[in-house]
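Colleague: Predicted coordinates and the sequence they were generated for:
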Amino acid sequence: MKINNFNQRCLEKLHLIPKGMVSTYFELANSLNSKAFRAVGNAMANNPNPISAPCHRIVRSDGTLGGYSLGVKKKIKLLKEEGISIQNNKILNFKSKIFKFNSTS
DNA sequence: GGAATGACATTTA
DNA sequence: CTAAATGCCATTC
């Protein structure tokens, strides 16, 4: 098995997300200089370490939660604990809580 | 090497 | 606004 560059990359980025903030698959892939937001989701889905990586801070571009290996329910709870308000499986003030990575090369 | 899948995104009806 | 269809990228079978 070769090194999971993509997967590892995503996990590293997750660590950059400050508490109380969330990010989208799109932004995450964008930070990787890729448009593989699909592959990003796959990387999380395979989730080698769902504990070491705050994958619960990753949501869809629409502000919806999307999914979670441990269960969407858990994701909501975690985000709420982080200080993020969620309702109807959607993040409130999502635009204000979205976090963008350093796109500056 | 090829087909199939997915925690997605965007557009059109 | 909701639903359906299409496109995209990487990984897995």
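Modeller: That came in fine, so what should we check first?
Colleague: Quick check: chain neighbours aside, which residue is closest to the closest residue to DNA strand C within chain A?
Modeller: The nearest approach of chain A to DNA strand C comes at A:Ala39, 2.7 Å away (CB to the nearest atom of the strand). Heads up, the C-betas are built off the backbone N, CA and C, glycines and all. Using CB to CB, 6 or more residues apart in numbering and skipping residues adjacent in sequence, the residue nearest A:Ala39 is A:Phe6, 5.8 Å away.
Colleague: Could you give the number of residues near the one you found?
Modeller: By the criterion of other CB atoms under 10 Å, A:Phe6 has 16 neighbours.
Colleague: cool, and A:Asn102?
Modeller: Quick note: A:Asn102 (other CB under 10 Å) scores 8 neighbours.
Colleague: So it, which state does it fall into?
Modeller: coil (DSSP: H, G, I helix; E, B strand; the rest coil).
Colleague: Next, A:Asp62: secondary structure please.
Modeller: coil.
Colleague: Which strand residues bridge the nearest residue to it once chain neighbours are set aside?
Modeller: Sequence neighbours aside, A:Lys90 is the residue nearest to A:Asp62 in space, at 7.8 Å (criterion: CB to CB, 6+ apart). For A:Lys90, the beta-bridge partners are A:Thr64, A:Gln87 (DSSP bridges).
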